[in-house]
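Asker: Output the structure for:
(one chain, ligands or ions: 1)
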Amino acid sequence: MINRNFSHIYIEEKALEYPDTATVLTHFPQATQIPITDYKTVFNRGGQRFQSQKRSAKIILAVKKNAFLYDGSRYAPNFDLPNFYYNSMMLNCVYNCDYCYLQGMYPSGNIVIFVNTEPFFAAADEVLRDKGSIYLCISYDTDLLAFENVIPNCRRWIEWAETRPNSLVELRTKSTNFSAISDMPPAKNTILAWTLSPGSVTATHEFKTPSLDSRLASVVDALNSGWRVRICIDPILNVPDWIKVYSEFIDGVLDCIPGEAVHDFSLGVFRMNSEYLDRIRTDRKDSKILFHPFVAKNKSCSYDDVTKEKMTSVVKERILARLPSATVSCQSGS
Ligand code: SF4
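Answerer: Residues are numbered from 1 along each chain as shown. Sure, this is the predicted structure:
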């Protein structure tokens, strides 16, 4: 599921007193441990090469001091739910998708795990107290489920939400690790959101991620177990012959899963903060999809409006042709 060979683990002195630190160290007994005073001295250091570090990522165990909750991003859908927030209990991801905005957002390809989990839950509880409800995405700047066998943060959030009727948690993933939580009763207040792409896109542009078929097997398991499942087709990419590629992909997905049981479908075309994209392009001459002549608007880059509209409508109509009663939402992000 994850790279078992993290060669080095940096550990903030303050992190040593938290049980999750011991848990992580138990999982990687061969790793060299390096004490540090503040994770930012490693993670934010100048002159790091994101992609070089991704090839041999190190773990950094840290104590987060503030910002346990962020307002929902304009690049992410809120599904018309009020009080939309996300959090980041980990920074960076075990996967390495060509189109991932994290390459432009973070100075380092190493993985930070925050081991002081309580304040994250306290911050979400505070919103519930103050605003009466919360829609919380817990797996945006990482893939939390892929790491669940090491730190059971998904389980913790699922349990948290089940005791809070006005909460809804979205757990987004490309992993096949449903088995890590499949012993739990299907949760009412958590949506398992699998991001899927055509097999050719996954093979070419989603490095280290599980294949489409294996992700679908996890989706089927979750649906058959009664979980709320969202299918995210995001980002839709303007790859050669994209209409055929995405139409066949939708048909293949809906041939494979019990589509009527899917909670909803979430679509979005490629979009990214312009500064992040500029930064990524300096390091990723190898990926053609990043060099499309995008249109920049409101500090965001994406395809032109006509192309965006066509891409989402082709995919949406294909889904609705097979599942007329499906709930399909489209995210523009600009
Ligand atoms: S799975 Fe998501 S967070 Fe991880 S590399 Fe891919 S796009 Fe980025």
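
Asker: ok, Val127 to the ligand distance?
Answerer: Computed as C-beta to the nearest ligand atom, to the nearest Å, the Val127 to the ligand distance reads 24 Å. For glycine as for every other residue, the C-beta is placed from the backbone atoms N, C-alpha and C.

Asker: What residues does the stretch 101-250 of the chain have near the ligand?
Answerer: In this structure, the stretch 101-250 of the chain approaches the ligand at residues Leu102, Asp143, Lys174, judged by C-beta under 6 Å from any ligand atom.

Asker: and the most centrally placed residue in the chain, helix, strand or coil?
Answerer: When the chain is reduced to its mean C-alpha position, the nearest residue by C-alpha atoms, centre = their mean turns out to be Tyr140, at 4.1 Å. When the structure is reduced to helix, strand and coil (DSSP: H, G, I helix; E, B strand; the rest coil), Tyr140 reads as coil.

Asker: hang on, it packs against Tyr86?
Answerer: Yes - counting by C-beta atoms under 8 Å, Tyr86 is a contact partner of Tyr140 at 4.9 Å.

Asker: Quickly list what's touching both of these two.
Answerer: Shared between the contact lists of Tyr140 and Tyr86 (criterion: C-beta atoms under 8 Å, 6 or more residues apart in numbering) are residues Ser73, Ala76.

Asker: Now do the helices in the stretch 201-334 of the chain.
Answerer: With DSSP state H, counting those that start in this stretch applied, the stretch 201-334 of the chain shows helices at 212-224, 242-256, 274-283, 305-322, listed in chain order.

Asker: List of residues touching the shortest one?
Answerer: For helix 274-283, contacts defined as C-beta under 8 Å, 6+ apart pick out 49-51, 101, 103-105, 290-291, 294, 296, 299-301.

Asker: If you rank the residues you listed by neighbours, which is first?
Answerer: Most neighbours among the contacts of helix 274-283, by other C-beta atoms under 10 Å: Gln103, with 25 neighbours.

Asker: residues near the closest residue to that one other than its chain neighbours, how many?
Answerer: Spatial nearest neighbour of Gln103, chain neighbours left out: Ile280 (4.7 Å); criterion: C-beta to C-beta, 6 or more residues apart in numbering. Other residues within reach of Ile280, judged by other C-beta under 10 Å, total 22.

Asker: how much space is there between Ile280 and the ligand?
Answerer: Separation of Ile280 from the ligand (C-beta to the nearest ligand atom) stands at 11 Å.

Asker: residue contacts, His292?
Answerer: For His292, the set of contacting residues under the criterion of C-beta under 8 Å, 6+ apart consists of Asn238, Phe270, Tyr303.

Asker: Can you tell me which of those lies closest to Cys232?
Answerer: For Cys232, the nearest member of these is Phe270. The distance, counting by C-beta to C-beta, is 13.4 Å.

Asker: Could you point out the longest strand of this structure?
Answerer: Residue-count comparison of every strand in the chain, with assignments taken from DSSP state E, identifies strand 228-236 as the longest.

Asker: Need the contact partners of that one.
Answerer: Residues from elsewhere that reach strand 228-236, judged by C-beta under 8 Å, 6+ apart: 99, 170, 172, 186-188, 190-197, 219, 222-223, 242, 246, 250, 253, 257, 261-271, 311-312, 315, 331.

Asker: out of the residues of the stretch 101-250 of the chain next to the ligand, who has the most neighbours?
Answerer: With neighbours taken as other C-beta under 10 Å, the top of those is Lys174, carrying 26 neighbours.

Asker: Name all residues that make contact with that residue.
Answerer: The contact partners of Lys174, taken as C-beta under 8 Å, 6+ apart, are Tyr95, Asp143, Ala146, Trp194, Thr195, Glu206, Thr209, Pro210, Arg215.

Asker: Would you map the strands across the stretch 1-150 of the chain?
Answerer: For the stretch 1-150 of the chain, applying DSSP state E, counting those that start in this stretch gives strands covering 8-12, 32-36, 59-62, 70-71, 84-86, 90-91, 96-97, 111-114, 134-137.

Asker: any chance of these in CSV, with distance to Pro324 too?
Answerer: Formatted as CSV, these follow (distance: least, C-beta to C-beta, whole Å):
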stretch, distance to Pro324
strand 8-12, 51
strand 32-36, 56
strand 59-62, 47
strand 70-71, 35
strand 84-86, 28
strand 90-91, 39
strand 96-97, 32
strand 111-114, 42
strand 134-137, 27
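
Asker: How about Arg322, nearest residue that isn't a chain neighbour?
Answerer: Setting aside the residues directly before and after it, Arg322 is nearest to Leu254 in space (C-beta to C-beta, 6+ apart), at 4.7 Å.

Asker: try Val245
Answerer: With C-beta to C-beta, 6+ apart as the measure, Pro198 is the residue that lies nearest to Val245, at 5.0 Å, once sequence neighbours are left out.

Asker: related to what we said a few turns ago, now mean pLDDT too, for the strands of the stretch 1-150 of the chain, in a markdown table please.
Answerer: As requested, the strands of the stretch 1-150 of the chain are exported to a markdown table (pLDDT from 0 to 100):
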| stretch | mean pLDDT |
| --- | --- |
| strand 8-12 | 98 |
| strand 32-36 | 98 |
| strand 59-62 | 98 |
| strand 70-71 | 95 |
| strand 84-86 | 96 |
| strand 90-91 | 98 |
| strand 96-97 | 96 |
| strand 111-114 | 98 |
| strand 134-137 | 97 |
